[in-house]
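Student: here is my input, please return the structure:
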Amino acid sequence: MKKAIYLFIAGVLVSLSAGAGNSRPNIVVIVSDDQGYADVSYNPHSPKEVQTPNIDQLAKSGVVCSAGYASGYVCSPTRAGLITGRYQQRFGIYTAQQGGSGMPLDETWFPVHLKQGGYRSGAFGKWHLGLTMDYHALNRGFDYFYGFMERGAHDYFHLKPKTDKGRVHPIYRNLDAAENEEGYLTTLITQEAVNFIKRESDGPFFAYVAYNAVHSPAQAPAEDIARYNTGDEKRDILMAMLYHLDLGVGEIVKALKEAGVYENTLIFYLSDNGGDKGMKASNAPLSGAKHQVREGGIRVPFIVSWPGRLQAGTTCDVPVWSTDILPTSLVAAGLEALPGSKPFDGKNILPALTGKSNKIHDALYWCSGSDGKWAVRKGDWKFVFTLGKVALYDLSKDIAEANNLKDAHPEKLQELQKLYDAWFAEMGDPSEGSKHWVAGKNKKNKKAKK
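Tutor: Below is the predicted model of the structure:
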């Protein structure tokens, strides 16, 4: 009898120890699409119609990164940087079109790094990392896939490969086109992610949940659109789309809790770029929007929650970005990068999230290619180059980028220009798209005109 009691107590202690974090954490990365900086109700600048209780609760459970950025101002480049932990420009991904066409196959993807730790990985929703089967999630390290492989957008209701609208890009379940999908796509993505969590709850698992909400087309169930009356029909539809996105976040967290793995799950939530003006997104108080390197195009809602390890209800003001998610996840999992893989450009941000460091990156860079738009942030200073026009901002005093200080600080302009030129010289040729970078080729960006 005594032996039985001892064995029971020992088993309980082992169970509690594993639940306290001695096992590798599960990792969930939730990416929204074109969500505005102010289209989360935890943001004090959010308009009154914005209600995101589940996203707010996630923020309360962890750390809000107030200076959290996407590495691209459009979707596919950000996803390429996130999935590799590297500047997407290193392998020629500067635009949504280039990223949609695919990346060099010698890049090591997020789930491949995690396999060495025994992780099972699932990808859900929008892919936009290659259109052909060579780039299918199951051929890039994932164990399960539910989503679509076309470019940025997909109809939210017409999901079958053949509909009364003609042939549409299919929804895939693993390698097969799902012939009979019905419902609202945001809800279906959530259901598939939740089912994966339930199946893999013995863990460890990695769930990459890339919603296409709230990207165009503006579509939502009529009864949900009727909940809103902003005076702008498209804004009402966007709010209904956001409502379903928020429900999805709540269902994912609920599934983690019901599976008993919530405390040991590292959750990232972010948008792939700033809100889209065409969809009536709000990026207040930032200037600019999607397609721009001003703050409204690149600073995004960014939350990190790890209930067993990170202090709830805190804010991190240190600049971090989407490219940091992979290296941070590996550190959290007690893993190193896969031997032979290329060096990360992203950093482990756990020291910043725990208040142990006030600096992660020397500088952050954004670039649209050989012409047009680029920016560099170093400390609180940000240099913005847009179609030949130069601007310099002190973000510590001017988050809205309203006061151009280029004439008052020419030395800072020169410093940041040199930083950018040195960085860009190491990147892949923008004209190569998804092809491998040819070393030594002259690919200098246009310098800013002072």
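
Student: in stretch 220-231, what's buried?
Tutor: Of all the residues in stretch 220-231, those buried under the rule 16 or more other C-beta atoms under 10 Å are 220-221, 224-225, 228. No exception for glycine: its C-beta is placed from N, CA and C like everyone else's.

Student: can you list the residues you listed in TSV and add pLDDT, distance to L405 and secondary structure?
Tutor: Formatted as TSV, the buried residues of stretch 220-231 follow (pLDDT from 0 to 100; distance: C-beta to C-beta, whole Å; DSSP: H, G, I helix; E, B strand; the rest coil):
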residue	pLDDT	distance to L405	secondary structure
A220	98	42	coil
P221	98	47	coil
D224	98	45	helix
I225	98	43	helix
Y228	98	40	coil
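
Student: farthest-apart pair in these, please.
Tutor: Pairwise distances across the buried residues of stretch 220-231 (C-beta to C-beta) peak at 12.2 Å, for the pair P221 and Y228.

Student: what do these two both touch?
Tutor: A240 (C-beta atoms under 8 Å, 6 or more residues apart in numbering).

Student: related to what we said a few turns ago, now, which of the buried residues of stretch 220-231 sits nearest P285?
Tutor: Proximity of the buried residues of stretch 220-231 to P285 (C-beta to C-beta) peaks at Y228, which lies at 22.3 Å.

Student: only alpha carbons, please: show stretch 173-189 as PDB.
Tutor: Output in PDB follows, covering the C-alpha atoms of stretch 173-189 (Å, rounded to 0.1, in the frame of the first residue of the first chain):
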ATOM      1  CA  ARG A 173      -6.300  19.700 -47.100                       C
ATOM      2  CA  ASN A 174      -2.800  18.300 -47.200                       C
ATOM      3  CA  LEU A 175      -2.000  17.600 -50.800                       C
ATOM      4  CA  ASP A 176      -5.500  17.200 -52.000                       C
ATOM      5  CA  ALA A 177      -8.000  19.900 -53.100                       C
ATOM      6  CA  ALA A 178     -11.000  19.900 -50.700                       C
ATOM      7  CA  GLU A 179     -14.000  19.400 -53.000                       C
ATOM      8  CA  ASN A 180     -16.900  20.100 -50.700                       C
ATOM      9  CA  GLU A 181     -15.900  22.900 -48.400                       C
ATOM     10  CA  GLU A 182     -18.700  25.100 -47.200                       C
ATOM     11  CA  GLY A 183     -18.900  27.900 -44.700                       C
ATOM     12  CA  TYR A 184     -17.000  31.100 -43.900                       C
ATOM     13  CA  LEU A 185     -13.300  30.700 -44.600                       C
ATOM     14  CA  THR A 186     -12.100  32.400 -41.400                       C
ATOM     15  CA  THR A 187     -14.200  30.000 -39.300                       C
ATOM     16  CA  LEU A 188     -13.000  26.900 -41.200                       C
ATOM     17  CA  ILE A 189      -9.300  27.900 -40.700                       C
END
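
Student: what pLDDT, on average, does that stretch get?
Tutor: Across stretch 173-189, pLDDT averages out at 93.

Student: contacting residues around that stretch?
Tutor: 124-125, 133, 136, 138, 144-147, 154-157, 159-161, 170-172, 192, 209, 211-213, 220-221, 241, 244-245, 247-248.

Student: now which of those would you call buried?
Tutor: For the contacts of stretch 173-189, buried by 16+ other C-beta under 10 Å: 124-125, 136, 144-147, 154, 156, 159-160, 170-172, 192, 209, 211-213, 220-221, 241, 244-245, 247-248.

Student: those in strands, which ones?
Tutor: Assigned to strands by DSSP state E, the following of these qualify: 124-125, 144-147, 171-172, 209.

Student: could I get those in JSON lines, plus columns for distance to D421?
Tutor: Formatted as JSON lines, these follow (distance: C-beta to C-beta, whole Å):
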{"residue": "F124", "distance to D421": "40"}
{"residue": "G125", "distance to D421": "37"}
{"residue": "Y144", "distance to D421": "43"}
{"residue": "F145", "distance to D421": "40"}
{"residue": "Y146", "distance to D421": "43"}
{"residue": "G147", "distance to D421": "38"}
{"residue": "I171", "distance to D421": "44"}
{"residue": "Y172", "distance to D421": "42"}
{"residue": "V209", "distance to D421": "38"}
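
Student: so which of the residues you listed is the closest to I55?
Tutor: Out of those, the member with the shortest distance to I55 (by C-beta to C-beta) is V209, at 13.1 Å.

Student: look up which residues are beta-bridged to the closest one.
Tutor: I30, F124 (DSSP bridges).
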